[in-house]
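1. Sequence first, then the predicted structure:
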Amino acid sequence: MSLNQLDRVPIRRALISVYDKTGLEELAQGLHAAGVRIVSTGSTARNIPAAGVPVTEVSEVTGFPECLDGRVKTLHPRVHAGILADRRLEDHVRQLKDLEVEAFDLVVVNPYPFVQTVRSGASQDEVVEQIDIGGPSMVRAAAKNHPSVAIVVDPARYGDVVEAAKSGGFDLKTRRRLASLAFAHTAAYDTAGAKWTAAQFGDDADAAEMPAFPPYAGLALERSESLRYGENPHQAAALYVEVGAEPGIAQAEQLHGKAMSFNNYVDADAAVRAAFGFAEPAVAVVKHANPCGIAVASPGAADPIADAHAKAHATDPVSAFGGVIAANRPVTEAMAETVKNIFTEVVVAPAFEPEAVRILSAKKNIRLLALPGGFSRDAVEYKQVSGGMLLQAADAIDAAGDDPAAWTLAAGEAADEATLADLVFAWRAVRSAKSNAILIAPNGAAVGIGMGQVIRLDSCRLAVERANTLGVAVGGGADAPGGAENAAGTGAPERARGAVAASDAFFPFADGLQILIDAGVKAVVQPGGSVRDEEVIEAAKAAGITMYFTGARHFFH
Ligand SMILES: NC(=O)c1ncn([C@@H]2O[C@H](COP(=O)(O)O)[C@@H](O)[C@H]2O)c1NC=O
C-alpha cells in the first residue's frame, strides 16, 4: 500500500519537552508569533511564560498529573495518539475526532543527560534516574509519523523550526531528514544505555573480577565528512565520529590545507600514536602508518619540539618526503621554518604558534591539524575482522616493562645513564613500528628502523642498512656517536656503531642479534622469553654488549 504524501504540513500545535533549555525562549516566542499553540511538560512549561508566551501543561491535555518524580509525564494515549495519527488516513483523523484528541504537527524533545551523568561518576540509582523513557518514546513516535509530524531533537535547529512555522511548515523532504536524525539520536542514546547496563549488570557482573570488556559493545557513528576516496581511488570512503566519545583525530580542527584524505587520517593517527608515546617533547614522521623518523628533544634544547623534529627528520630524510608529522607539543616558529622546506602532507599537533601557522600556510599542499583540547589516545582499540570486531586495551606508555629499574640485565655491564636513556627511548619508540620491529637509536633519535617484516632477521638487516646508508648523523657528521665512516665506502656515516637497539619481541635465534652486534650496536633491550634465550644471551656476552630483558612485548599489527 502506498499513500499520497503530504508535502508541507502547517505547524499549528507543538509539543515541547526539553531537558536542555538552550534557545527555548526564542523558540517559544517564534512559534507563538507564527500562531502555533504550545503544549509542554513541567519545567519546560515553566520556562516558557518568561518569554511572554501562553503554554498548556501536558497534564491538562492528559487529565493526569505528572507523577513518580517525572517518570510518567507524556506517556499517555492523548499524547501518543496526537503524535502518531497518520493525517493521510481518513480513519485516523476520524478516530482522533471521536476520542477528542488533538494532533501535534511538531514535536521538540531532548532527553535527560544520561551520558553526562555516567561521566560525572554518579551512583547507579542516579544514573538509572537519568534514563529518559518518555522523551525517546515521543521522538520515535514522531519520527515514525514523519508523513504528518516534524520531529526536532537539536536546539541548533530551532531557527529552522521558526522559519518553517512562519512559512507553512516543513516540507516532506525535510520531515524525512529530521526523522532520520531523530532515529540516529535515539539509537545513540540507547547504545549508551546498553553499554552502561552491560557493564553494570551484564552476565559477568557478579564475577569476583569484572572482565575488562562487558558482554555488549555498541558504537554510534555519525558521518562527519565524505572523503574523496579511500585507501585507493576506486574505493569510496567517509569519516565518521563516535557519538559521545572523547574527541580525537576525527575531531581535530584543520587550520590549513586541502581536505584530509583517508590515508592522511590513517597516517596522522599512527603518527600521533608514536609521538604521544612519550612524555617528553617528541616528534614522529610517518609514511604508510609506520614511522620513518622518531625522536625526543635533547636535554636543554633551546626549542625542544623543533629539536625533536630535526632529529626525527634526520632518521631518514629521504623517506620523510611526503610524510605525516606529529608533534606532542605545540609547533613553534622554529619547527615551522624547517618543516616548510620539506614536502609534507600533514602536520598534526596539540596547537600551532600563530607564526608557525603563518609560515606553513604559505604552503598550498600541507594540511595543519590541531588536536582537540585535552586530547588523549583512546583507551580501547577496535579492529575489524570479517563478521565482527576485536577490542583491546590500547598499548600505552608506562605499560608493564617500561620501568628500566624493573628490567633484567641478561648480559654485559649495566648501562651508564646516557645509554640507559637511549635504551628507554628505543624501547618506547619501537612499539610504534609495525611488527616485526627493530629500532636503532643514538641520542634519543631513531637512525634505523626495520619494520613490518615477516621474519625478525630481516628487520635487523633493514634497521642496520637504513642506519648506515640513510641520512646524516644527528649531532654532526663522522665525529658524532655512530658517525664513523661507512665500511661500504658510501660516505654515509655508520650510525649503528655505538648506538643502542630495541626489539619489539624476543629474538627467536641469535642470528638477528648478531647482525646488530656486527653493526656495532653496544646495548640492546628486548622482552626476552624465547626458548633459545640462552643462545641469544651467549651471543651478547661473547660480543661484550649489554642486553636487558623487559619481560613485556609490544607487537603492533
Ligand atoms: N516520563 C515521561 O513521560 C517523560 N516525558 C518527557 N520526559 C523528558 O522530560 C524532560 C523535560 O521535562 P521538563 O519539561 O520537566 O524539564 C525531557 O528531557 C523529556 O525527554 C520524560 N521523562 C522521562 O522519561
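-> In hand now; what should we look at?

2. C-terminal to the lowest-mean-pLDDT helix or strand in the chain, what's the next element?
-> Comparing helices and strands within the chain by mean pLDDT, DSSP states H and E singles out strand 484-485 as the least confident, with a mean of 55. Downstream of strand 484-485, the next assigned helix or strand under DSSP states H and E is strand 493-494.

3. Residues in contact with the helix or strand just after that following strand: which ones?
-> Downstream of strand 493-494, the first helix or strand assigned by DSSP H and E is strand 500-503. Applying Cβ atoms under 8 Å, 6 or more residues apart in numbering, the external contacts of strand 500-503 come out as 415, 419, 422-423, 426-427, 429-430, 436-442, 456, 463, 512, 516, 521-527. Just so you know, the C-beta spots here come from the backbone N, C-alpha and C atoms, and that holds for glycine as well.

4. Can you list the strands that strand 500-503 pairs with?
-> In the sheet, strand 500-503 lines up against strand 438-441 (antiparallel), strand 523-526 (parallel) (DSSP bridges).

5. Tabulate the ones you listed (CSV), appending distance to the ligand, mean pLDDT and mean neighbour count.
-> Formatted as CSV, those follow (distance: least, Cβ to the nearest ligand atom, whole Å; pLDDT from 0 to 100; neighbours: other Cβ atoms under 10 Å):
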stretch, distance to the ligand, mean pLDDT, mean neighbour count
strand 438-441, 53, 98, 33
strand 523-526, 55, 98, 28
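
6. Kindly report the residues of this structure close to the ligand.
-> In this structure, the chain approaches the ligand at residues 17-19, 41-44, 70-75, 109-112, 132-135, judged by Cβ under 6 Å from any ligand atom.

7. which ones among these are found in helices?
-> Here DSSP state H is the test, and these give 42, 43, 44, 134, 135 as lying in helices.

8. out of those residues, which are buried?
-> Neighbour-count burial within those applies to 44, 134, 135; the criterion is 16 or more other Cβ atoms under 10 Å.

9. There's contact between the first one and residue 18 in this structure, I believe.
-> So that's residue 44. Yes - here residue 44 reaches residue 18: they are 5.4 Å apart, a contact under Cβ atoms under 8 Å.

10. any shared contact partners between the two?
-> Shared contacts of residue 44 and residue 18 (Cβ under 8 Å, 6+ apart): residue 24.

11. What is the burial count for the residue lying closest to residue 289 once chain neighbours are set aside?
-> The shortest distance from residue 289 to any residue other than its chain neighbours is 4.3 Å, reached at residue 270 (Cβ to Cβ, 6 or more residues apart in numbering). By the measure other Cβ atoms under 10 Å, the count of residues near residue 270 is 24.

12. Which helix or which strand is home to residue 270?
-> If you go by DSSP H and E, residue 270 is part of helix 262-275.

13. Just name whatever secondary elements the helix or strand following that helix is in contact with.
-> Sequence order places strand 282-287 as the next helix or strand after helix 262-275, per DSSP H and E. Taking 3 or more Cβ pairs under 8 Å, 6 or more residues apart in numbering; DSSP states H and E as contact, the helices and strands that strand 282-287 lies on are helix 262-275, strand 290-296, helix 304-315, strand 323-327.

14. pLDDT (mean, whole number) over the first one?
-> Helix 262-275 comes out with an average pLDDT of 98.

15. what is the orientation angle of it with strand 290-296?
-> Computed by axes from the mean of the first three to the mean of the last three Cα atoms, to 10 degrees, the angle separating helix 262-275 from strand 290-296 equals 40 degrees.

16. I'd like the numbering to begin with 27 instead of 1 from here.
-> Got it, first residue is 27 now, which makes that one helix 288-301.

17. With only the CA atoms kept, save helix 288-301 in PDB.
-> Coordinates of each C-alpha in helix 288-301 appear next as PDB, following Å, rounded to 0.1, in the frame of the first residue of the first chain:
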ATOM      1  CA  PHE A 288      41.600   8.600   4.100                       C
ATOM      2  CA  ASN A 289      45.300   7.800   4.100                       C
ATOM      3  CA  ASN A 290      46.100  11.200   5.800                       C
ATOM      4  CA  TYR A 291      43.800  10.200   8.700                       C
ATOM      5  CA  VAL A 292      45.400   6.800   9.000                       C
ATOM      6  CA  ASP A 293      48.900   8.200   9.000                       C
ATOM      7  CA  ALA A 294      48.000  11.100  11.300                       C
ATOM      8  CA  ASP A 295      46.600   8.600  13.700                       C
ATOM      9  CA  ALA A 296      49.700   6.400  13.600                       C
ATOM     10  CA  ALA A 297      52.000   9.500  13.900                       C
ATOM     11  CA  VAL A 298      50.100  10.700  16.900                       C
ATOM     12  CA  ARG A 299      50.200   7.300  18.500                       C
ATOM     13  CA  ALA A 300      54.000   7.300  18.000                       C
ATOM     14  CA  ALA A 301      54.600  10.900  19.200                       C
END
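
18. Which elements pack onto it?
-> On the basis of 3+ Cβ pairs under 8 Å, 6+ apart, helix 288-301 makes packing contacts with strand 308-313, strand 316-322, strand 349-353, strand 370-375.

19. Try it again at 7 Å.
-> Using 3 or more Cβ pairs under 7 Å, 6 or more residues apart in numbering; DSSP states H and E as the contact criterion, the secondary-structure elements in contact with helix 288-301 are strand 308-313, strand 349-353, strand 370-375.

20. closest to residue 144 out of the ones you listed?
-> Using Cβ to Cβ as the criterion, the shortest distance between residue 144 and the helices and strands packed on helix 288-301 is 29.7 Å, found for strand 370-375.

21. List the pairing partners of that closest one within its sheet, with orientation.
-> Paired with strand 370-375 in the same sheet, following DSSP bridges, are strand 349-353 (parallel), strand 393-396 (parallel).

22. looking at the ones you listed, which is buried most?
-> strand 349-353 (a mean of 29; mean count of other Cβ atoms under 10 Å).

23. And for that one, what's in contact with it?
-> With contacts defined as Cβ atoms under 7 Å, 6 or more residues apart in numbering, strand 349-353 is touched by 290, 293-294, 297-298, 300-301, 309-313, 318, 331, 335, 361, 365, 370-375.

24. give me that answer again for 6 Å
-> Where contact means Cβ atoms under 6 Å, 6 or more residues apart in numbering, the residues beyond strand 349-353 that reach it are 293-294, 297-298, 301, 309-313, 331, 370-375.

25. PyMOL command for the buried members of the residues of the chain next to the ligand?
-> Buried members of the residues of the chain next to the ligand, defined by 16+ other Cβ under 10 Å, are picked up in PyMOL with:
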select buried, resi 43+44+45+67+70+99+100+135+136+137+138+158+160+161
